[in-house]
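Dropping the sequence and predicted coords here.
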Amino acid sequence: MSGSRFIFAMARRETRAALRRVGLLTASASIGVGALVAINSFTENLKHAVEQQSRVLMGADLSVSARQAFTPRADSLLDSLACATKPCAALSRVTSFAAMGYVRRTSGTRLVRVAAIEGGYPFYGEIKTDPSGEWARLQDGQQALVDPSFLTALSAHIGDTLSLGESRFLIAGTVLNFPGDIGVRAALGPRVYIPARYLTATGLLGFGSRAQYEAFLRTPDGTDLAGVAGKYRRSLTAERAELRTVDEDERDLKSSYDKLGRYLGLVALIAVLLGGIGVGSAVQVFIRQKRESIAVLRCMGASTKQIFGLYLLQALLLGLTGTALGLLLGVGLQLALPSLVGRLLPVDVTVAPSGKGIGLGIAVGVWVALAFALLPLLGVRRIAPLEVLRRPYEAATRQGRDPWVWLASLALAASVVGLALLQAGNLRTGLWFAAGIGSALLVLWLAALGLIRLLRRNFPTRLRYVWRQGLANLYRPGNQTVAVVLALGFGGFLLCTIALVQTNLLRDLKLDADTSRPNLVLFDIQPDQWSGVESIIKRAGHTVSPAVPIVPMRILSVKGTPVAEILEDTLRRGPKGEPLGRWAFRREYRSTYRDSTVASEKVIAGKWWNADGRLPGSPTDSLVPISVEVSLAAELNITIGDQMVWDIQGVPLATRVANLRDVSWARFEPNFYIVFPTGALARAPQTLVTLTRVDAPEDLGRLQRDVVERYPNVTSIDVSLVQRTIERIIGTVTLAIRFMALLSLGTGLVVLIGALAISRFQRLREAVLLKTLGASRAQVLRVAFAEYLFLGLLATVVGTVLSIAAGWGLMKHVFDGKFRPELPQLLALGLGLTALTVLVGLWNSREVLRKTPLEVLRAEE
Amino acid sequence: MISCRSLTKTYLSAGRPLTVLKNISLTIESGDFTAIVGPSGSGKTTLLGLLAGLDRPTEGEVSIDGLDLGKLTEDERARLRGERIGFVFQSFHLIPTLTARENVQVPLELRGVSDPAQADELLTRVGLGDRSHHYPAQLSGGEQQRVAIARAFSNRPKIVFADEPTGNLDASTGATVIDLLSSFNREMGTTLVLVTHDTDLASRAHRVIRLADGAVVGDSVA
């Protein structure tokens, strides 16, 4: 007991003086903890919001949706489903599709998302309109409610007439908020809501048009949703209609936010681990300062346990302080997050401190402070009382391996793995994360040892004195090369990895700004309208690309198994046991026919057919050869030679997979999952797509208007408009990623300062001696410059090379994207880090310049 | 009583063995005031370190009051020091983060005893009763050494080892320090072992042991 009293009394007195000096330690711990708390708390908030608002998000308790009009059997199933409860559930139907909206008064056209509403949808949540109350009056006449952005884009106002296809609607007001509608969807065009009974008259749901048919049900309170859903799901699925309950939506949404939160949390964890390294360096500096006091205490009879306990307690106190600061920072960040990412979220998030997030933050903060402090702290047990009398002989102090050091290293490694598992939420990701970090540290450690050995064996003796002295500092007794390279290199590695992954992810999303490429897509052109459309475009002075035919179709059977059977079998698995995407079987395919490949695709397996539509080598096959996009083939679990039967507008067509294609989808070009030979589909019902380039925005608007006036069913998309919207959304996402990278950078800077502080005391003494011996301040600075330059270069070069490996691995295995090391970016980062190292190093040496030699030598006595 | 037999200490210096002490045997009686003198590098500080149990000999043994230090673990030796031994060093070695009074209290607090009154009494005894709340940096060299003496005697040790206690002080301050040490030695009956190369200082001791090149070359009692 007596021992612990001493420890507490001493710790209280020592931290009183130490807080200022080891503020670094607290700062290192706080940034990462703050990021972790913010992300985990915000994820909790988000999940809570989804829980609270899931009914509002769906607008109902149950929904049934299909990509085609409900079949008569689906309709009767729906009726019986609605009355499966007593009283019957309220039913509402919504049909959504894209079409051209046209306001004649202003001559404005715009691609809009039309939603034709029948019944009381949405059953939950309130839709605010301007003027207010218009939603309830929507069904009163031939009128429309629109997104405010539609009016802005077309310079229209409430009271104008909106043309949709063959019909005209009075714009009765704007919809200010629609529950569950998120910013991303706005990229597809503004929303227009009309009463469903005027839908047929528009003539827009004719052949080849793409629409989503949905039915929404509000069940009486206390309905067993899962039970009702379970009874009808199978039969509805067979009719290609998907049944979902509000609980399923809630669960899926929560799980995807959870996943997102966990990934962002891993980035935060990197900041935490960086902070851990900072804690380690700070403790090492701290112990170095305390060495003499420790030796005196040992002389006076303090046991190793007392000494160890004393400094462990101080590390714990500082870790707690850092964690508390981190919590404050985290709550602040959490408050800032909604304004950063709120536009991407379908729910209104109420930011509230989450007990779980904060608890985890405290646990992680304290644990990291302890785990990383432990290794340098173990060193205090080795400080001999004799050091009071004489500086230790290097060889004499080197004793056998300390089992506690191994144990502490093991505990540290276990903590990293444990934290990774905890944050990743699954074994595989967690282990990969920990293994990545472990191997990066190993490589850095080996590189530092290698450098020391290389310098010791082949020292460049012909260099000038200041360079020799700076280089020699890296391997001579008391050097901190390993510690600094580890901390600095690891920080650089993480920063470069984040930057590389970000650039590679965003490159895929970056749209082609090439000015010679088409920027207007016209589709849903009926074959008999083609010559008319073509002449409108040509008359306006633009070039027309050849019309690409599109034939809508569905899958009837795959490898002899009818799709209805596949859809009913919920346990169907792929070759590796993964669940198969039912969507791929259920969806409508919009395929084309041609006898050659185009620039954006490449055949990667099998052969293309001859002009006669037959495969080379098998001229007698009665089945039509088709080309399948490679990722779809995986989804459908088919390969070359497999049979598929297609339903083309009621006519079955038996085909055989002839080849697989790799398609570059990122370009705005008509690309297809399935391509047929010309002969097989030329006479099938089809629509046409064409592209053109119009440079001046007013010309583009005029062309769109001319086409829509003459052919209201033809839809045109201004690619540059879509591009701008997507870029804005990407901008928001990037901001969130950059924000995380910035946090890591902040921690990295603290770690850098901490790492360099390790070597500072040693260097200070040497520099002063040099000055005493007649070195000028410039010479002393140049020695320091040389040393920090070499340290910084080694650490950044190794860190950067490691980050290329990590970036490649992450892009390939986690994000499924292509990886290209952005050398200019890496070079800039590497140079920046090296420069920063030198600057911080020189800043650390400034005391040498200020103080006279005698001052320092006296203090060192 | 301190005694050592056939004491030898060898260090590894740049990979080569360097023998600092050779086959030293001696006994110091309780209550005695002994000075160990010799030129720089003669091994006197090493001998003090070994006698105080701060280091282990390469060969030979040291015992304090019949306890063989070689048979004690590192922490058992620390406890022995805490209970029976006090130290005064050339460069004072006060703990810079503690006040004068707190520095004096440390040896007792290590054993779980808190007695600020005793610390104040000792500080008054060394003439620093009014400086108890000052930090080492706020004290002069002589004052720091007086705090160190108060600290050395705060656990009422049987033995006090002093390593060049006046080495960093001017002559008159050094004299005060030696007066304090010898009066404590007389009043408390504490064994005092002093290492110095100052012959004037050594002349105040009852017994002078001379070292040269790691061996005893003279042993005289005044």
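Structure received. Residues are numbered from 1 along each chain as shown, chains lettered A, B, ... in the order given.

C-alpha from now on. contacts and neighbour counts both.
Noted.

Chain B: helices as residue ranges?
B:44-51, B:74-84, B:100-110, B:116-125, B:141-153, B:171-188, B:199-202 (DSSP state H).

tell me which element the closest residue to chain B within the stretch 251-400 of chain A is part of?
Residue of the stretch 251-400 of chain A nearest chain B, by C-alpha to the nearest C-alpha: A:G301 (3.8 Å). Of the helices and strands defined by DSSP states H and E, none includes A:G301.

pLDDT weak spots in chain B?
Scanning chain B with the threshold set as pLDDT under 70 gives B:14.

How about the residues of it by chain A?
Within reach of chain A by C-alpha under 8 Å from any C-alpha of the partner chain, chain B has these residues: B:11-15, B:45, B:49, B:54-55, B:75, B:77-83, B:85-87, B:89, B:91, B:93-98, B:106-107, B:109-113, B:163.

now with 6 Å?
B:54, B:75, B:78-79, B:81-82, B:95, B:97, B:107, B:109-112 (C-alpha under 6 Å from any C-alpha of the partner chain).

quick one: which of those is most hemmed in?
Among the residues of chain B next to chain A, B:P107 has the most neighbours (other C-alpha atoms under 10 Å in any protein chain shown), with 30 neighbours.

possible to save the helices of chain B as a markdown table with distance to A:R137?
Conversion of the helices of chain B to a markdown table gives the following (distance: least, C-alpha to C-alpha, whole Å):
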| stretch | distance to A:R137 |
| --- | --- |
| helix B:44-51 | 98 |
| helix B:74-84 | 88 |
| helix B:100-110 | 83 |
| helix B:116-125 | 86 |
| helix B:141-153 | 91 |
| helix B:171-188 | 102 |
| helix B:199-202 | 110 |
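
how about the residues of chain A that lie near chain B?
Applying C-alpha under 6 Å from any C-alpha, we find that chain A lies next to chain B at A:2, A:6, A:14, A:293, A:300-301, A:303, A:385-386.

okay if I get the residues you listed as a markdown table plus pLDDT?
Below are those laid out as a markdown table (pLDDT from 0 to 100):
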| residue | pLDDT |
| --- | --- |
| A:S2 | 52 |
| A:F6 | 76 |
| A:E14 | 71 |
| A:S293 | 86 |
| A:M300 | 86 |
| A:G301 | 86 |
| A:S303 | 87 |
| A:P385 | 85 |
| A:L386 | 82 |
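
Can I get the buried part of these as one PyMOL selection?
Remark: buried members of those, expressed as a PyMOL selection using 16 or more other C-alpha atoms under 10 Å in any protein chain shown:
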select buried, chain A and resi 6+14+293+300+301+303+385+386
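
from the residues of chain A next to chain B, which single one is nearest A:A268?
Of all these, A:A268 sits closest to A:E14, with 31.9 Å by C-alpha to C-alpha.

does that closest one sit in a helix or strand, and which one?
With DSSP H and E as the test, A:E14 turns up in helix A:2-18.

average pLDDT for the helix or strand following that helix?
Where DSSP H and E defines the elements, the next helix or strand beyond helix A:2-18 is helix A:23-58. Mean pLDDT, helix A:23-58: 83.

got the contact list for the spatially most central residue of chain B?
Of all residues in chain B, the one closest to the mean position by C-alpha atoms, centre = their mean is B:F161, 1.7 Å from it. By C-alpha atoms under 6 Å, 6 or more residues apart in numbering or on different chains, the contact set of B:F161 is B:87, B:193-194.

Beta-bridge partners for it, please?
Listed by DSSP bridges, the beta-bridge partners for B:F161 are B:F87, B:V193.

Tell me how far it lies from A:W808.
B:F161 sits at a distance of 65 Å from A:W808 (criterion: C-alpha to C-alpha, to the nearest Å).

same deal with A:G613?
41 Å.

pretty sure A:Y311 is in a helix, no?
Yes. Checked against DSSP: H, G, I helix; E, B strand; the rest coil, A:Y311 lies within a helix.

Looking at it now. What's its pLDDT?
We have a pLDDT of 87 for A:Y311.

Which residues are in contact with A:D718?
Counted by C-alpha under 6 Å, 6+ apart, A:D718 has contacts A:L520.

Apologies, that question was intended for A:R476.
Residues counted as contacts of A:R476 (C-alpha under 6 Å, 6+ apart): none.

how would you label it: helix, strand or coil?
Assignment for A:R476 (three-state DSSP): coil.

How about A:A564, nearest residue that isn't a chain neighbour?
A:A238 (4.9 Å; C-alpha to C-alpha, 6 or more residues apart in numbering or on different chains).

isn't that neighbour right next to A:P562, touching?
No. Between A:A238 and A:P562 there is no contact under C-alpha atoms under 6 Å: 10.3 Å.

Between these two, point out the one with more neighbours.
A:A238 (18 against 14).

any idea how far A:G436 is from A:G173?
Taking C-alpha to C-alpha, one finds A:G436 at 56 Å from A:G173.

neighbour-wise, which of those two wins?
More crowded of A:G436 and A:G173, by other C-alpha under 10 Å: A:G173, with 25 against 16.

Show the subsequent helix or strand relative to the helix or strand that that one is a member of.
Secondary structure assignment for A:G173, by DSSP H and E: strand A:167-177. Downstream of strand A:167-177, the next assigned helix or strand under DSSP H and E is strand A:191-195.

which stretches of the stretch 651-800 of chain A have low pLDDT?
Scanning the stretch 651-800 of chain A with the threshold set as pLDDT under 70 gives A:666-668, A:726, A:729-738, A:740-742, A:744-745, A:758-759, A:761-762, A:769, A:772.

show me where it has strands.
With DSSP state E, counting those that start in this stretch, the ranges of strands along the stretch 651-800 of chain A come out as A:651-663, A:674-676, A:687-692, A:715-718.

and the gap between the residue lying closest to B:Q118 once chain neighbours are set aside and chain A?
The shortest distance from B:Q118 to any non-neighbouring residue, by C-alpha to C-alpha, 6+ apart, is to B:S154 (7.6 Å). Here B:S154 is placed at a distance of 11 Å from chain A (C-alpha to the nearest C-alpha, to the nearest Å).

Could you report the neighbour count for B:S154?
Other residues close to B:S154 by other C-alpha under 10 Å number 22.

Tell me where the stretch 701-850 of chain A has helices.
A:719-772, A:777-809, A:823-844, A:846-850 (DSSP state H, counting those that start in this stretch).

Tell me which of these approaches A:T639 most closely.
With respect to A:T639, and counting by C-alpha to C-alpha, the nearest of the helices of the stretch 701-850 of chain A is helix A:777-809 at 27.6 Å.

what distance separates that closest one from the centre of its chain?
Counting by C-alpha atoms, centre = their mean, to the nearest Å, helix A:777-809 is centred 30 Å from the centre of its parent chain.

so that helix versus helix A:823-844, what angle?
Interaxial angle, helix A:777-809 versus helix A:823-844 (axes from the mean of the first three to the mean of the last three C-alpha atoms, to 10 degrees): 140 degrees.

Now do the buried residues in helix A:777-809.
The neighbour-count check on helix A:777-809 (16+ other C-alpha under 10 Å) flags A:777, A:779-804, A:806-809 as buried.
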